[in-house]
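Q: sequence plus the predicted model coming up.
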Amino acid sequence: MGKLKTYQQQIQEIVEKGINAAETQQKKLSAKPFEYAEKLESGAREYSVKSLREHYFGYSETLFSQLRSLNLRMGSFAADILTKLEKEAADGTDAVAEVVSDVADDVTSLAQSAKQKVNTGKPTATKSPAKKTTTTASV
């Protein structure tokens with residue numbers, strides 16, 4: 001199971017690098033229109049281009065921060081999965097399929113929560129998945 005932990009860590013690092021690269025590119029691409037708008041800005045307005053830029057980048061930073069937080073949660077979640085699988089393997093029971101099913105339900109719930117956060121920009125109330133206990137019959 002040590003290899004699975006290594007894979008989980010590598011995947012989490014890859015996701016983090018992807019988030020950082022996306023953030024860098026997004027900032028580079030979005031900076032140009034603001035630079036041109038600042039050059040054209042004349043007179044005082046209710047909202048200056050500079051203040052709009054600050055708000056825009058503030059929201060962007062919040063989004064990428066939430067993505068990083070989600071990545072950390074998913075890493076923790078993957079570690080919990082590995083722990084459950086290792087325990088089941090050590091016990092020698094055939095309940096791995098049930099654990100995988102429970103984990104799939106948990107992943108679905110987390111994915112729906114993340115989708116809602118991205119779509120609304122607001123955190124949603126999520127239920128923590130109920131922990132199922134398994135019993136093994138003695139043979």
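A: Good, I have the coordinates. Because the structure is a prediction, the values reported are computed rather than measured.
Q: helix or strand for Leu70, which one?
A: Take DSSP states H and E as the rule and Leu70 turns out to sit in helix 49-91.
Q: and that helix, what other elements does it pack with?
A: Helices and strands touching helix 49-91, as assessed by 3 or more Cβ pairs under 8 Å, 6 or more residues apart in numbering; DSSP states H and E, comprise helix 2-40, helix 96-120. Glycine gets a C-beta too; all of them are placed from N, C-alpha and C.
Q: how far off helix 49-91 does the first one point, in degrees?
A: If you take axes from the mean of the first three to the mean of the last three Cα atoms, to 10 degrees, helix 2-40 sits at 170 degrees to helix 49-91.
Q: and Val99, how close does it get to Ala79?
A: In this structure, Val99 lies at 14 Å from Ala79, with Cβ to Cβ, to the nearest Å as the measure.
Q: repeat for Gly58
A: Between Gly58 and Ala79 the distance, using Cβ to Cβ, works out to 32 Å.
Q: one more: Gln26?
A: Counting by Cβ to Cβ, the gap from Gln26 to Ala79 is 30 Å.
Q: thanks again, I'm all set now.
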